[in-house]
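Novice: Here's a sequence, model it:
(one chain, ligands or ions: 1)
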Amino acid sequence: MNSERLRDAMVARLRKAGISDELVLSAMHAVPRHHFIDEALASRAYEDASLPIGHGQTISQPWIVARMIQTARANRTLTRVLEVGTGCGYQAAVLAGVAQEVYSIERIRGLHDVARDRLRPLRLSRVRLALGDGMLGLPSAAPFDAIVVAAAGMAIPDALSEQLAIGGRLVAPEGTTEQRLILIERTGARNWKRSELESVRFVPLRPGVIW
Ligand code: SAH
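Specialist: Numbers count the residues shown, from 1 in each chain. Here you go, the predicted model:
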């Protein structure tokens, strides 16, 4: 089967699993997930599984990528979004299909470089990659209409909630052995609303940068 057919099947599975935002589904359909993983694993690219991407990290499973983006978007037009945890760059490429400007920050230089190389041939001028500690957010580009965090910390860093635009939405996993997806909506200059969503499993959010 060619990769387009595999993506048709992936999108059909996402629909069945509750992803209903057509813009998210078309963005998932457009991005060649197999370009983001090693050739040895590429045949498994369209399974709903997380896969290793080196440096002890993983590419998130398609369902969780779609679920986080759908929840963060909430059918709004997104101008500027932040992703914490670029990894291999897959989710950043999907975000480019739903937002005008995508900023993605990664703390491991080796992965930041991989993501840059994988994204280049797709010519996604909307995506800007940064090397740094995403627990501090990216104040130079804030505020963001949406923030998605691809790694789980004990608590969602305040710096990220502060960098949400009013009306903005942040989706992040929280916890260590037991993790839950959390939604934070900024309802005012000093007001945030927090909701707990389903249990999930992510790699850990860690401070500092590995050069
Ligand atoms: N978004 C990726 C998922 C990558 S896994 C995808 O599309 O599949 C999560 C990533 O978060 C890892 O690469 C890890 O190095 C990174 N990470 C963990 N803590 C971080 C931090 N404080 N700042 C930036 N990136 C971080």
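Novice: measure the most centrally placed residue in the chain to the ligand for me?
Specialist: The centroid of the chain falls nearest to residue 91 when counting by C-alpha atoms, centre = their mean (4.5 Å). Counting by C-beta to the nearest ligand atom, to the nearest Å, the gap from residue 91 to the ligand is 3 Å. All C-beta spots, glycine's among them, are computed from the backbone N, C-alpha and C.
Novice: just checking, that residue touches residue 84?
Specialist: No - between residue 91 and residue 84 there is no contact, the gap being 10.3 Å when judged by C-beta atoms under 8 Å.
Novice: The longest strand anywhere in the chain near the ligand anywhere?
Specialist: When the chain is parsed with DSSP state E, its longest strand is strand 164-175. No - contact of strand 164-175 with the ligand (C-beta under 6 Å from any ligand atom) is absent, the minimum separation being 9.9 Å.
Novice: Pull out the buried residues from that strand.
Specialist: Neighbour counts over strand 164-175 (16 or more other C-beta atoms under 10 Å) mark 164, 168-175 as buried.
Novice: Mind putting those into CSV with pLDDT?
Specialist: What follows is these, written out as CSV (pLDDT from 0 to 100):
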residue, pLDDT
164, 98
168, 98
169, 98
170, 99
171, 98
172, 98
173, 98
174, 98
175, 97
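Novice: ok, of those residues, which one's closest to residue 157?
Specialist: residue 172 (8.9 Å; C-beta to C-beta).
Novice: Distance of the closest residue in space to residue 156 that isn't next to it in sequence relative to residue 202?
Specialist: Excluding the flanking residues, the one nearest residue 156 by C-beta to C-beta, 6 or more residues apart in numbering is residue 172, at 5.0 Å. Going from residue 172 to residue 202 by C-beta to C-beta, to the nearest Å gives 9 Å.
Novice: can you list residues touching both of the two?
Specialist: residue 152 (C-beta atoms under 8 Å, 6 or more residues apart in numbering).
Novice: if we can go back for a sec, and the longest strand of the chain, what does it pack against?
Specialist: helix 62-73, strand 144-149, helix 158-162, strand 179-188, strand 191-200 (3 or more C-beta pairs under 8 Å, 6 or more residues apart in numbering; DSSP states H and E).
Novice: Nearest to the ligand, out of the ones you listed?
Specialist: helix 62-73 (6.2 Å; C-beta to the nearest ligand atom).
Novice: Taking strand 164-175 as reference, get the angle to that closest one.
Specialist: 150 degrees (axes from the mean of the first three to the mean of the last three C-alpha atoms, to 10 degrees).
Novice: Can you give the contact residues for helix 62-73?
Specialist: 10, 13-14, 17-21, 23-25, 27-28, 33, 46, 48, 50, 81, 90-91, 94-95, 98, 146-148, 150, 169-171, 181, 183, 197, 200.
Novice: go again using 6 Å as the cut-off
Specialist: 10, 14, 17, 19, 21, 24, 28, 48, 91, 94, 98, 146, 148, 169, 171, 183 (C-beta atoms under 6 Å, 6 or more residues apart in numbering).
Novice: can you pull the contacts of residue 85?
Specialist: Contacts of residue 85 by C-beta under 6 Å, 6+ apart are 150-151.
Novice: can you do 8 Å?
Specialist: Here residue 85 is in contact with 105-106, 134, 149-151, 203, 205 (C-beta under 8 Å, 6+ apart).
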